[in-house]
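A.B. asks: When you get a sec, could you give me coordinates for this:
(one chain, ligands or ions: 3)
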Amino acid sequence: CSGCSGSVGHVEHVRHVKRMQPGAINATTGPTRALEWGQLNFLHTTDTHGWLEGHLKEANYGADWGDFVTLSTRFKHQAGNMGVDLLVVDTGDLHDGAGLSDATTPDGEISLKVFDQVEYDLLTIGNHELYLADIAYQALNEISTYWGDKYLTSNVQILDQQSVEWQYIGKTQRYFTTQHGLRVMAFGVLFDFTGNTNITKVIPAKTMVTQQWFLDALNCPEPVDIFVVLGHNPARGGNTGSTFPTVFDAIRAVHPDTPIQFLGGHSHIRDFAVFDPSSTSLESGRYCETLGWLSMSGFDATNSGFAGITPGPAGVPNPTRKAIQNATSPFVYSRRYLDWNRRTFEYHAATWYDQSFDYNNGLAATAEITRYRQQLNLSDVYGCVPQDYCISCTPFNSSSSIFPLLSEALAGTVVNESRKDIPRYIITNTGSVRFDMYKGPFTYDDQFIVSPFRDIFLYIPEVPYALASSLLGSLNNAGASQKRNLGVMSAERDICVDPPLGHFLEVRREEHHHHMSPRITRRQVVDILPGYTTSDDFGRDGDDTAHSEIPYYEIPDFFQGEAGFSEGSQADVVDVIFVDFIESDVLAILGSNYSSDDVSYYINSDFTTQDYLPLYIANSEAFQIGMPNCTVA
Ligand SMILES: Nc1ccn([C@@H]2O[C@H](COP(=O)(O)O)[C@@H](O)[C@H]2O)c(=O)n1
Ligand SMILES: [Zn+2]
Ligand SMILES: [Zn+2]
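C.D. replies: Ligands and ions are numbered 1, 2, ... in the order given. The predicted structure follows:
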């Protein structure tokens, strides 16, 4: 936390822990088992949301995108040497979550260039590529153009600006043969998202599977050894809102035995689900905390064109588990969730034969990130956070929950000077708050990390107190329509964690100008760190590094700040302020006496949910640099 002891300023060049010091961590804090390599292997990222710098405040997720560029290149070489196939896959949501992606206009302008340096084989679109028109056109003009046949958007279309006709943003499917002869048919299917900008169209999965192009792909005259279905779509069905089961049923109706491999995302969890003896589904977390690994074997001349190593590569563990015990399917699987840090990457990268982990392409990406961060001033310090505040590791409304703090920030900063004496409620959705706040410097980057959206404050003036005061409760009882649409249910969220590792790790990052020789000191305090403790259809051994469990508490869908009320007297009317993202939820509760005609900007269209927290921190006594608890050595 250096940078908190001086005046408000800048901690540029501060880089995260690039190398764990040998011997500093005992074996229980890192990976202990080599990966099982099969005939076909997948490296999977999802919901990266711009976290390409890695987690500067959590060493356990401290690798950056350059480290992943190196690791994925090494894995490709390794697969080649072993005579097996590796597909590197991403399943969308590339921004809204960190400064590198969100401090530019439009979002992603810089971060996409960094993201592109990984040699992906298949990618698909997330809902965050579709909220806004300019971002959706960026998906068309930049992402799709760059990745070509590899970018699959089987059910997402956009209005072509010239012809004014609907066109797919990416390709609907990709049929290709891997290096070792596997014939793959791949699709990219977004869940039935309804919050998209109206210049895009999301075709519901149930419709998509009846479309002629899809039926033709299923009845393709060429042989298909495996269907690979990417999707910004939770890995498992049930109450998650995932449309994978619809796609599964449609493929199975035509191909009863061909393996189908699903790779999902969106609900930000680690998960692995078994669909049938030859079909499984992997989901690989969020925010560059997790790198997903899936491997399978069972291909031979009777069921495929696979011409690589059979039954599997030598000298490494191989997958051994049937998806369903005693089933007759020849396929066996393994899955693993890797923590996103250098130690893990080095451990699995087979560096024993050339000692040093880094490749030039990875180092170049790291250098680029550092340069872009400097350009964007992401390390500028706005204040000093006196303690950790988290989203769900502590009861909502407790003193270490982020929500009381944000309620106070809303109350203190969302003010229209000409209406400041009129009592006001300022309501927003808890889903707009994306990450915990850690003790120490609050940087420009943290502004986006906590609250990345440009959601504008709207209001309805002078709503009768009785109605206004019941609004928050009614909204929370009704539940967020956007959440229902997204299908992120609380049952799934209890294995989704926000690890407050700041408690347990004290990492001093020293400025370094040469990434080959970072000067880093690191104090490791415990053996098993809090983190992911995943339970999935294969059991509880999926986490590559064992962790202790982090408490999880439910949170409501909405919270509010309150201001302008006079003590001792009850208000007659209240200005009801809310963010544009929840306008339809608010109007639905207020009923037929109100419509969008009653809604206007409370301050202006420039003051958004990105702005209220830094403003509050800059002006709040408790967050000043040098305050007790905030002078961090
Ligand atoms: N303008 C926006 C857009 C989205 N949100 C919140 O994000 C959630 C979706 O995020 P995923 O990473 O799960 O796709 C959505 O449910 C909203 O809570 C927002 O607040 N403002
Ligand atoms: Zn996401
Ligand atoms: Zn999503």
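A.B. asks: Check whether Pro330 sits in a helix, strand or coil.
C.D. replies: Counting by DSSP: H, G, I helix; E, B strand; the rest coil, the backbone at Pro330 sits in coil.
A.B. asks: So Leu458 is in contact with Tyr601, correct?
C.D. replies: Yes - Leu458 is in contact with Tyr601 according to C-beta atoms under 8 Å; the separation is 6.2 Å. C-betas here are computed from N, CA, C, even on glycine.
A.B. asks: Neighbour count: those two, which is higher?
C.D. replies: Higher neighbour count among Leu458 and Tyr601: Leu458, with 22 against 14, using other C-beta atoms under 10 Å.
A.B. asks: Quick one: neighbours of the residue nearest to Asp339 when sequence neighbours are not counted, just the number.
C.D. replies: Residue nearest to Asp339 in three dimensions, not counting chain neighbours: Thr545, with 4.9 Å by C-beta to C-beta, 6 or more residues apart in numbering. By the measure other C-beta under 10 Å, the count of residues near Thr545 is 22.
A.B. asks: for Thr545, phi and psi?
C.D. replies: According to degrees, to the nearest 10, the main-chain angles of Thr545 amount to phi -110, psi 130.
A.B. asks: Confirm for me that it is in contact with Thr344.
C.D. replies: Yes - using C-beta under 8 Å, Thr545 is in contact with Thr344, at 6.7 Å.
A.B. asks: Now for the two: what residues contact both?
C.D. replies: Common neighbours of Thr545 and Thr344, using C-beta atoms under 8 Å, 6 or more residues apart in numbering, are 30-31, 338.
A.B. asks: Tell me the residues of the stretch 151-300 of the chain that contact ligand 3?
C.D. replies: By C-beta under 5 Å from the ion, the residues of the stretch 151-300 of the chain that approach ligand 3 are His266.
A.B. asks: In the stretch 151-300 of the chain, which residue sits closest to ligand 3?
C.D. replies: His266 (3.9 Å; C-beta to the ion).
A.B. asks: So which bits of the protein are right by ligand 2?
C.D. replies: Residues of the chain found near ligand 2, taking C-beta under 5 Å from the ion as the criterion, are 47, 93.
A.B. asks: Okay, now the unreliable bits of the chain?
C.D. replies: In the prediction, the chain carries residues with pLDDT under 70 at positions 1-28, 351-354, 480-525, 628-633.
A.B. asks: mind checking how far the longest helix along it is from the chain centre?
C.D. replies: In the chain, taking DSSP state H as the definition, the longest helix is helix 65-82. Centroid separation for helix 65-82 versus its chain: 22 Å, with C-alpha atoms, centre = their mean, to the nearest Å.
A.B. asks: With only the CA atoms kept, save it in CSV.
C.D. replies: What follows is the C-alpha trace of helix 65-82 in CSV, where atoms were taken according to Å, rounded to 0.1, in the frame of the first residue of the first chain:
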residue,chain,number,x,y,z
TRP,A,65,-2.6,-10.8,-19.5
GLY,A,66,1.0,-11.0,-20.6
ASP,A,67,1.5,-13.9,-18.3
PHE,A,68,-1.5,-15.6,-19.9
VAL,A,69,-0.2,-14.9,-23.4
THR,A,70,3.0,-16.7,-22.3
LEU,A,71,1.1,-19.6,-20.7
SER,A,72,-1.2,-20.2,-23.6
THR,A,73,1.7,-20.1,-26.1
ARG,A,74,3.6,-22.6,-23.9
PHE,A,75,0.5,-24.8,-23.7
LYS,A,76,0.1,-24.8,-27.5
HIS,A,77,3.8,-25.9,-27.8
GLN,A,78,3.3,-28.5,-25.1
ALA,A,79,0.2,-29.9,-26.8
GLY,A,80,2.1,-30.1,-30.1
ASN,A,81,5.0,-31.9,-28.5
MET,A,82,2.6,-34.4,-26.9
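A.B. asks: Check which helices and strands the very next helix or strand once past that helix sits against.
C.D. replies: Stepping forward along the backbone from helix 65-82, the first helix or strand reached (DSSP states H and E) is strand 85-90. Applying 3 or more C-beta pairs under 8 Å, 6 or more residues apart in numbering; DSSP states H and E, one finds that strand 85-90 makes contact with strand 40-45, helix 65-82, strand 122-124, strand 226-230.
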